[in-house]
Every structure is written in structure tokens, then in C-alpha cells.
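> Predicted coordinates and the sequence they were generated for:
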Amino acid sequence: HEVGCLVMADVSSYDEGVRAAELGADLVGTTLSGYTAGSVQGEGPDLRLVERLARALPERVIAEGRIHTPAQAAQAREAGAHAVVVGTAITHPSTLT
């Protein structure tokens, strides 16, 4: 913030997302959900976390993590995500072949 940049926090849970917002994060990304102990495990994105954070926070929620299809991206937007990050599904060679 001191140099004029936005701050994005990568979180794995609802409590982490709320705390990140309290600490001043401008954007809250669900990036770590499914990759840390205690977070929702599964093959697809944690849409419930996206929805809960989007409803609770004035900060913008970024859906990120385990989004592999256009339908999942659309579901994330419907759940309240301001934006959707798609990484491995389009950049990881063994995933694509």
C-alpha cells in the first residue's frame, strides 16, 4: 500500500479470508484451499468458500485453485467471485496432453 499497490492475500479458509481483510488486503484469493491441512479437499474449486467470503467481505474475492473447466469458472463467478484465475488447466504440459 505504501508504494501504491494493491495487496492480495492467498487464503485456505473462511477465517483466514476474514483475517486477511481485517489486516488490509484489497483482494482475497481462495488459492490455498485444498492445499493446506484443514481446508476443503477435492478435485474442483472450493465454491462454498468463494460464496461465503463474497457475501461477508466488501473486498473483492478472487476464485483460484483447482478450476479446470469453463463451467467451473462460471460457477465461481455465480458464487460471487470478482475474477477467476486459471493456471494449471492452461499452462501445465502434462495436464494438457
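Structure received.
> how about the helices of this protein, start to end?
In order along the chain, the chain carries the following helices (DSSP state H): 14-22, 47-56, 70-78, 88-91, 93-96.
> and residue 63, which of the ones you listed is closest to it?
For these, proximity to residue 63 was assessed by Cβ to Cβ; helix 70-78 is nearest, at 3.6 Å. Glycine gets a C-beta too; all of them are placed from N, C-alpha and C.
> Just the CA atoms of the closest one, as CSV, please.
The C-alpha coordinates for helix 70-78 follow below in CSV (Å, rounded to 0.1, in the frame of the first residue of the first chain):
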residue,chain,number,x,y,z
PRO,A,70,-15.2,-23.1,-18.2
ALA,A,71,-18.2,-24.4,-16.3
GLN,A,72,-16.3,-24.2,-13.0
ALA,A,73,-15.1,-20.7,-13.8
ALA,A,74,-18.7,-19.7,-14.5
GLN,A,75,-19.8,-21.3,-11.2
ALA,A,76,-17.1,-19.4,-9.3
ARG,A,77,-18.4,-16.1,-10.8
GLU,A,78,-22.0,-17.1,-9.9
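> could you give the angle of the lengthiest strand in the chain to helix 70-78?
When every strand of the chain is counted residue by residue (DSSP state E), the longest turns out to be strand 60-64. Counting by axes from the mean of the first three to the mean of the last three Cα atoms, to 10 degrees, strand 60-64 lies at 160 degrees to helix 70-78.
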